[in-house]
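**Student:** using only what follows, build the 3D model:
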Amino acid sequence: MGRVFVAGSINMDVVATAERHPRVGETIAGSAVLYFPGGKGANQAVAAAKLGAPTTLIGRLGKDAFGEQLRMFLAAQGVDLSFVKDTPDAHTGTAIITVADADNTIVVVPGANALVCPDDVAMPVLAKGDIAVSQFEIPQATITAFFKRARAAGATTILNPAPARKFDNELLALVDILVLNETELGLLTGRDLRDTDSHNRFADAARSLAGRDRIICVTLGKRGALALVESEPLIVAGREVEAIDTTGAGDCFVGALASQLAGGSSLRHALSYANVAASICVQRMGAAPSMPTAAEVANLLNA
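**Tutor:** Numbers count the residues shown, from 1 in each chain. Coordinates of the predicted model:
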């Protein structure tokens with residue numbers, strides 16, 4: 001069985017819930033304030049670990065109360081923290097999130113995450129069959145260095161280009177599987193895409209990012225997912241559930257996909273599995289704590 005290595009962010013999510021989102025310049029009364037472990041790197045690592053893959057997280061924490069709490073939480077989820085550094089001169093990454101009617105808005109303050117550097121990702125030793133995962137809450141130069149090492153070792157690379165921003169062809173050339181939502185796909189391809197668009201429209205947009213062997217996977221929420229494999233669309237049907245908090249859904253999908261590919265599953269099975277895992281995640285509050293276990297996913301698949 002391969003291993004999952006995630007280079008990415010670790011945040012404390014400060015979540016305010018309300019009946020609706022405030023308009024610009026408006027103050028409204030909230031319902032509650034909650035603290036959840038988060039950060040896209042941590043979320044994806046927790047998802048992979050809880051779904052049975054040996055998982056190592058590479059990142060940084062501040063030497064503060066949030067950092068201590070996050071280290072304890074991640075260790076309890078079975079994530080290997082050997083390559084998570086404490087950084088005395090920076091605070092732990094923090095996300096300020098508002099949740100209303102199952103939708104969220106997020107402001108991320110990177111803190112120690114902005115200091116994750118190429119030397120940090122040079123320490124773990126990857127091998128053929130491993131899965132290397134990253135996202136855009138750490139510097140892109142660090143991701144490029146990480147994926148170069150992964151490629152040299154024969155590992156498979158998965159990039160989740162979120163939060164959405166442009167990136168160069170050097171990094172794209174190192175990506176085996178690109179997992180993104182319709183907003184991120186629209187930004188990278190210069191197209192105006194909506195979640196109600198047809199599968200053909202998403203496939204056409206994804207083709208501009210596909211390389212000879214690169215797989216593009218577009219997550220479509222309750223509509224499931226579409227993967228472009230050798231220019232042909234592979235469609236995974238969605239699951240209708242009552243969503244409570246969608247904050248960690250994309251990260252759950254990425255972590256679940258990585259866990260299954262590390263275990264030797266086919267791409268079709270891995271995508272279906274990831275879709276089921278994400279549908280469980282959105283029915284709970286919080287990001288990292290909402291990640292399902294392997295038993296929970298298996299129960300739904302068997303049903």
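**Student:** quick one: contacts of stretch 199-218?
**Tutor:** Applying Cβ atoms under 8 Å, 6 or more residues apart in numbering, the external contacts of stretch 199-218 come out as 172-173, 175-182, 185-186, 188-189, 191, 193, 220, 225-229, 231, 233, 235, 257, 267, 271. Where C-beta positions appear, they are placed from N, C-alpha and C, glycine not excepted.
**Student:** apply 6 Å and report the result again.
**Tutor:** With Cβ atoms under 6 Å, 6 or more residues apart in numbering as the contact definition, stretch 199-218 has outside contacts at 177-179, 185, 189, 191, 225-229, 233, 235.
**Student:** retrieve the pLDDT associated with the residue positioned nearest the centre of the chain.
**Tutor:** Compute the mean C-alpha point of the chain, and by Cα atoms, centre = their mean the closest residue is Asp251, 2.8 Å away. The predicted structure scores Asp251 at 96 on the pLDDT scale.
**Student:** contacts only, for it.
**Tutor:** Going by Cβ under 6 Å, 6+ apart, Asp251 touches Lys40, Asn43, Gln44.
**Student:** filter the contacts of stretch 199-218 down to just the ones in strands.
**Tutor:** Applying DSSP state E to the contacts of stretch 199-218, the entries found in strands are Ile177, Leu178, Val179, Ala225, Leu226, Ala227, Leu228, Val229, Pro233, Ile235.
**Student:** what subset of those residues is buried?
**Tutor:** In terms of neighbour count (16 or more other Cβ atoms under 10 Å), the buried residues within the ones in strands among the contacts of stretch 199-218 are Ile177, Leu178, Val179, Ala225, Leu226, Ala227, Leu228, Val229, Pro233.
**Student:** give the contact list for the second one.
**Tutor:** Listed by Cβ under 6 Å, 6+ apart, the contact partners of Leu178 are Leu159, Ile216.
**Student:** if we go to 10 Å?
**Tutor:** Under the criterion of Cβ atoms under 10 Å, 6 or more residues apart in numbering, the neighbours of Leu178 are 157-161, 172, 184-185, 188, 206, 209-211, 214-218, 227-228.
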